[in-house]
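Trainee: Give me a model of this one.
(2 chains)
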Protein chains: 2
Amino acid sequence: MIRGCRMKVGYLGPKGTFSEEAVFKYIEGMKECEAIEFATIQDVVKSVAEGTCDEGILPVENSIEGSVNVSLDLLINDAEGILVRGEVIISISQCLICDDFIDFKDVHCILSHPQALAQCREYILNNFPTAEVKTTESTVKALLGVNAKKGIVAIGPERAAWLYNLKILEKDVQDIKENYTRFLVIAKRDSDYTGEDKTSIVFSVPNVPGSLYRALGVFAEKNINMTKIESRPSRKKFGEYVFWVDIEGHRKEERIKEALEDLKIKADFLKVIGSYPKFKMGK
Amino acid sequence: MIRGCRMKVGYLGPKGTFSEEAVFKYIEGMKECEAIEFATIQDVVKSVAEGTCDEGILPVENSIEGSVNVSLDLLINDAEGILVRGEVIISISQCLICDDFIDFKDVHCILSHPQALAQCREYILNNFPTAEVKTTESTVKALLGVNAKKGIVAIGPERAAWLYNLKILEKDVQDIKENYTRFLVIAKRDSDYTGEDKTSIVFSVPNVPGSLYRALGVFAEKNINMTKIESRPSRKKFGEYVFWVDIEGHRKEERIKEALEDLKIKADFLKVIGSYPKFKMGK
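Mentor: The predicted model follows:
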């Protein structure tokens, strides 16, 4: 730990975002922890790389919108020496928020972060077909722009509405009610074996027919379950990909070790991003 | 064709976007074509579904940022009866634009669409470390907000700068110079066999170890090349995916037909999104 006894965990601010909620869920029950807010996901990673924070929390995947590309790309391409040591999953409830109660027919403009707007596409089309939709850098920034007199409302987290003393016009306005976001905890080391672990890896395969198939075979052979697979552009050639894969098991387990050794031979490139305990949803 | 002799192609406007550029590239050499602008990608799909446009063009993939989720998700989940009948790839050059020339040290604010900003992350950090970065709904909307006197510049396409009579301060400001975006052409039918085709499919597999591996085996066995694989959340259960795969070949070719028949048995769900001629980059 850095500077005395408090562990510092960086997250994408401002206060009231789902990222802050994830930090609270993560540090629940831990003694002497402090949540430090940053303006961008890049800054969270940098704070861990430079040691101003011990750990950081990055959003990586939403159950509706899919991967958060900037987080994956940072861990794939840029975050030298940074490993994943945990995951946190929180359920997401988007709310329609304003500074005062307002008739739906008087709403002229809806503000929110693009990902939140995407989660509420149908709701907006059905309830506010003529309203202008404007994007903001975060859901919390959207809340700061609401104005019932001018007909401007926002979509964002319930917690932030309370924090900024605003009114919740409607809860759970996202189109698909079951909505989760998964966060990864980063640090300079990953976690020890617990018996219920996951491992995140990144690899690329030669650009020939069947190469991805053969690469995934190393896990199928050993009955290792994949819980995520995501392709990201290689940034080298159009149509070439790097694959992010999460598997069940710890990199120190014998069968995982063997599978990763096999994969190394079949892949052009392989990076183990870290092993960490599976998040328990009831937590 | 609809209402007389002109073919109508819908795209995500306003004029000057890379989508409009893709339409021009697509209709090059065709007689009697008209590009119709829409406010959202959803509206483009709707115009084809409802028959007000014969075809539509959707951005689906950028070589740096990866897939355009909203386009993929519409084609996977919502666009009943819509098929892909073509692809267009254009090279992307982002420019720094203002209404007048301005010293870099006087720039206080940079406007652009989140995807364009993501493509220029490093450039902005290196050249404008203290400038405020603001997101807009399109690169063209960003251009309408520039103001040299107030120190507000934008990042967007060269063509749009000419269209709106603005100054280009610097060209090719994206971090990775080789930068392409791929568009798909949608309609109510796909294309005939040409001998150099691609086919887009979407499928899901049972949630057991090795199921994706076995599904991809149908292509590996027949030496069918995959040119894209992308996982999207199933929208049913967290951690369950639908896979978008592009393969080389036409769905009417015997070996493709057989592979898709095999896949149908291994998959929970399979949808063929269409076969279409491969885009030739020199076009």
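Trainee: contacts, neighbours, all on C-alpha from now
Mentor: OK.
Trainee: State the helix or strand in which the residue sitting nearest the centre point of chain A lies.
Mentor: Relative to the mean C-alpha position of chain A, the nearest C-alpha, by C-alpha atoms, centre = their mean, is the one of A:P59, at 1.6 Å. Using DSSP states H and E, A:P59 sits in strand A:55-62.
Trainee: Now that strand: average pLDDT?
Mentor: In this model, strand A:55-62 has a mean pLDDT of 93.
Trainee: and that strand, what other elements does it pack with?
Mentor: Identification of packing neighbours for strand A:55-62 by 3 or more C-alpha pairs under 8 Å, 6 or more residues apart in numbering or on different chains; DSSP states H and E yields strand A:7-12, helix A:18-27, helix A:41-49, helix A:69-73, strand A:180-187.
Trainee: what about 10 Å?
Mentor: With contacts taken as 3 or more C-alpha pairs under 10 Å, 6 or more residues apart in numbering or on different chains; DSSP states H and E, strand A:55-62 sits against strand A:7-12, helix A:18-27, strand A:33-38, helix A:41-49, strand A:66-67, helix A:69-73, strand A:83-91, strand A:180-187.
Trainee: and among these, the most buried is which?
Mentor: strand A:7-12 (a mean of 25; mean count of other C-alpha atoms under 10 Å in any protein chain shown).
Trainee: got the angle between it and helix A:18-27?
Mentor: 160 degrees (axes from the mean of the first three to the mean of the last three C-alpha atoms, to 10 degrees).
Trainee: Is A:P129 in a helix, a strand, or coil?
Mentor: Using DSSP: H, G, I helix; E, B strand; the rest coil, the structure places A:P129 in coil.
Trainee: Contact partners for it?
Mentor: A:H108, A:E122, A:Y123 (C-alpha atoms under 10 Å, 6 or more residues apart in numbering or on different chains).
Trainee: so how far is A:V107 from it?
Mentor: Taking C-alpha to C-alpha, to the nearest Å as the measure, A:P129 falls 10 Å from A:V107.
Trainee: what's the answer for A:P209, then?
Mentor: From A:P209 to A:V107 the distance is 53 Å (C-alpha to C-alpha).
Trainee: for A:L212, same thing?
Mentor: For A:L212, the distance to A:V107 - C-alpha to C-alpha - is 50 Å.
Trainee: who's more crowded, those two?
Mentor: Set A:L212 next to A:V107 and count neighbours by other C-alpha atoms under 10 Å in any protein chain shown: A:L212 wins out with 23 against 20.
Trainee: Can you say which of the helices and strands packed on strand A:55-62 is nearest to A:Y193?
Mentor: Of all those, it is strand A:83-91 that lies closest to A:Y193, at 10.9 Å by C-alpha to C-alpha.
Trainee: What pairs with that closest one, parallel or antiparallel?
Mentor: Strand A:83-91 pairs in its sheet with strand A:180-187 (antiparallel), by DSSP bridges.
Trainee: To what extent is A:I64 buried, counted in neighbours?
Mentor: A:I64 has 25 neighbours, counted by other C-alpha under 10 Å.
Trainee: worst-scoring helix or strand of chain A, pLDDT-wise?
Mentor: Least confident helix or strand of chain A, by mean pLDDT, DSSP states H and E, is strand A:66-67 with a mean of 80.
Trainee: How about it and chain B, any contact?
Mentor: Yes - using C-alpha under 10 Å from any C-alpha of the partner chain, strand A:66-67 reaches chain B at A:G66, A:S67.
Trainee: Against which helices or strands is that strand packed?
Mentor: Judged by 3+ C-alpha pairs under 10 Å, 6+ apart, strand A:66-67 is in contact with strand A:55-62, strand A:180-187, strand A:226-233, strand B:226-233.
Trainee: repeat that for 6 Å
Mentor: Here strand A:66-67 touches no other helix or strand, going by 3 or more C-alpha pairs under 6 Å, 6 or more residues apart in numbering or on different chains; DSSP states H and E.
Trainee: quick one on the thing from earlier: was I right to think the residue nearest to the centre of chain A contacts A:F183?
Mentor: Yes - contact criterion C-alpha atoms under 6 Å: A:P59 and A:F183 qualify, at 4.2 Å.
Trainee: Could I get the buried residue list for stretch A:50-57?
Mentor: Buried residues in stretch A:50-57, counted by 16 or more other C-alpha atoms under 10 Å in any protein chain shown: A:T52, A:C53, A:D54, A:E55, A:G56, A:I57.
Trainee: what's the span of it, first residue to last?
Mentor: Start-to-end, stretch A:50-57 (C-alpha to C-alpha) is 15 Å.
Trainee: same question, stretch A:52-66
Mentor: In stretch A:52-66, first residue to last residue: 30 Å (C-alpha to C-alpha).
Trainee: near chain B, which residues of the stretch 151-283 of chain A?
Mentor: Residues of the stretch 151-283 of chain A lying close to chain B (C-alpha under 6 Å from any C-alpha of the partner chain) are A:209-210, A:213, A:216, A:220, A:223, A:225, A:230-233, A:235, A:238.
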